[in-house]
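*Asks:* from the sequence below, what's the structure:
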Amino acid sequence: MSLGPIPAGRVPLPDGEDSGLLREAHRLIAACALFRGLGAAQRAKLLTRIRLRQYAAGETIFLMGDAGATLMAIIAGSVQISVPSPDGKEILLTIMQPAEIFGEIGLLDGKERSADARAMTTCSLAVLDRKDVLPLFEECPGAYSEVVMLLCDRIRRTTTQMAEVTLLDLPVRLAKALLRAAENAAPGQAPAKDRVMLSQRALGKIVGATRESVNKCLRNWQRAGLIEVESTGIRIRDLAALQMLADMISG
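*Replies:* The predicted structure is shown next:
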């Protein structure tokens, strides 16, 4: 998915925080599958090109249609990637967590972004520019195979979500969304497969339904003992039953 440009920047971080974030940025970029095919010399150069950016909760990182020539890795916080519609609605494609990257297609082709990105929480991002990265790939043409694998994975995930929104009934879509969100919980958040830290409005945007429809479904599940709606999210109480719902075929 082609994502967006980085704004001019934020205020400087407190003394000492920059160095800690930069060390974590180095670790994330060095371990990133996208750059696995680069040689040691190219990876060393890559780390010297990293810039840091911070965003407040709710702040726009980029918008669909913006020029794109950067890749971002999340050091801390979470970022939502969504697609707006002409009537003001939006489909929430994914929520990116620490150690995940986005904007890779914009980095590769330099064309406009195809989605919006907003900080869901206070975020620290590592940023790489196209002009700094592409010459390193030219030095190691074999590295592009890792790029292809990553892009194929993104396409598969997006296609699956769009197919679910189009073809599956709401309870099935919602069960699948809850299970994915729990499975992808970032380190330091609630235990995987136990709690989903998403609002009902956000879940509605993910599954293509209104908040009211999502709320009605969750209330039914809560009465049946499958989940518990909490002030900060949703606790999964019966994982097996929720998985059975997710495996149902719409009729």
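
*Asks:* what ranges does this structure have for its helices?
*Replies:* Secondary structure of the chain (DSSP state H): helices at 17-31, 40-48, 104-109, 130-139, 144-167, 170-183, 200-207, 211-223, 239-246.

*Asks:* which other helices and strands does the fourth one contact?
*Replies:* In this case it means helix 130-139. Identification of packing neighbours for helix 130-139 by 3 or more CB pairs under 8 Å, 6 or more residues apart in numbering; DSSP states H and E yields helix 40-48, strand 70-76, helix 104-109. In short, each C-beta sits where N, CA and C put it, glycine included.

*Asks:* just those: most buried one?
*Replies:* Neighbour counts (mean count of other CB atoms under 10 Å) averaged over each of the helices and strands packed on helix 130-139 peak at strand 70-76, with a mean of 24.

*Asks:* any idea how far that strand is from the middle of the chain?
*Replies:* Distance of strand 70-76 from its chain centroid, counting by CA atoms, centre = their mean, to the nearest Å, is 10 Å.

*Asks:* strands paired with that strand, and their directions?
*Replies:* strand 101-102 (antiparallel), strand 123-129 (antiparallel) (DSSP bridges).

*Asks:* residue 70 and residue 126, how far apart?
*Replies:* Noted for residue 70: a distance of 10 Å to residue 126, by CB to CB, to the nearest Å.

*Asks:* and residue 195, by the same measure?
*Replies:* To residue 126, residue 195 is 28 Å away according to CB to CB.

*Asks:* among the strands paired with strand 70-76, which comes closest to residue 155?
*Replies:* Nearest to residue 155, of all the strands paired with strand 70-76, is strand 101-102, at 14.0 Å by CB to CB.

*Asks:* need the residues that contact the closest one.
*Replies:* With contact meaning CB atoms under 8 Å, 6 or more residues apart in numbering, strand 101-102 is reached by 1, 3, 32, 34, 71-74, 79, 81, 96, 117.
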